[in-house]
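*Asks:* Just a sequence and a predicted model for now, questions to come.
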Amino acid sequence: DRGPKGKGNKIKVRSKEQQGEKMSLRPSTAPPIQDMPPPGGYKKIDFGRYLPDRGPKGWQLWAGAVTIMAFGYYRLGQHNQRLVQQKMQERKVRYALAPLLQAEADREYMERELVALRREAEIMKDVVDENGNKWVPGSSQFYGGQWMPRKIGHFIRH
């Protein structure tokens with residue numbers, strides 16, 4: 001049906017049923033045919049012969065994992081013991097240095113106290129109390145009989 005261009009170029013399409021093929025088969029009422037093994041069964045397959053060994057056995061993996069974890073916990077314990085010993089040594093050093101540091105702080109305090117007392121004596125040289133007594137540097141109207149260091153705020157340098 002092919003002709004020159006423009007003159008009835010029609011293609012005829014035939015269905016599968018027209019070509020002699022059926023769309024689907026109807027189910028048969030006969031019993032199904034099933035493949036059966038040969039008489040006596042199939043030959044045994046030796047899987048061990050064809051499969052190579054693939055790595056360690058399960059118990060070997062467990063033993064390795066337990067060994068590694070035990071070693072890790074051992075190392076962690078050793079590290080913790082070293083840390084405890086190091087902290088104890090640092091504490092002992094602090095305890096040994098505490099009296100020296102306190103003595104240095106006391107010396108600095110006394111220097112500041114002497115400077116403050118000299119300054120107080122200079123400022124209060126003409127002051128007398130209600131009994132007519134001259135002002136004594138370092139004395140306080142709130143003196144309670146027990147020595148207490150002055151507040152730090154008194155030693156701020158102006």
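*Replies:* Noted; the coordinates are in hand. Numbers count the residues shown, from 1 in each chain.
*Asks:* hang on, Glu130 in a helix?
*Replies:* No: counting by DSSP: H, G, I helix; E, B strand; the rest coil, Glu130 is not found in a helix; it is coil.
*Asks:* Show the pLDDT at it.
*Replies:* At Glu130, the pLDDT value in this model is 80.
*Asks:* Measure how buried it is and give me the count.
*Replies:* By other CB atoms under 10 Å, 5 other residues sit near Glu130. Any C-beta I mention is one placed from the backbone N, CA and C, and that applies to glycine too.
*Asks:* Helices of this protein, start to end?
*Replies:* Shown for the chain, the helices assigned by DSSP state H span residues 16-19, 47-50, 58-123.
*Asks:* Counting neighbours, what do you get for Ala121?
*Replies:* Look at Ala121: counted by other CB under 10 Å, it has 13 neighbours.
*Asks:* er, Glu120 actually
*Replies:* 16.
*Asks:* Not counting its neighbours along the chain, what's nearest it?
*Replies:* Pro137 (4.6 Å; CB to CB, 6 or more residues apart in numbering).
*Asks:* Please name the residues that touch that neighbour.
*Replies:* Taking CB atoms under 8 Å, 6 or more residues apart in numbering, we find Pro137 in contact with 117-118, 120-121, 124.
*Asks:* re earlier: comparing the helices of the chain, which comes out most buried?
*Replies:* With neighbours defined as mean count of other CB atoms under 10 Å, the helices of the chain peak in mean count at helix 58-123, which reaches a mean of 11.
*Asks:* Quick check: the residue nearest to Glu120 vs Ile45, distance?
*Replies:* 112 Å (CB to CB, to the nearest Å).
*Asks:* Give me the neighbour count for Val128.
*Replies:* 10.
*Asks:* scratch that, Pro31 is what I was asking about
*Replies:* The burial count assigned to Pro31 is 6, neighbours taken as other CB under 10 Å.
*Asks:* gap between it and Pro38?
*Replies:* Using CB to CB, Pro31 is found at 21 Å from Pro38.
*Asks:* Kindly report the same for Leu101.
*Replies:* Distance, Leu101 to Pro38, using CB to CB: 99 Å.
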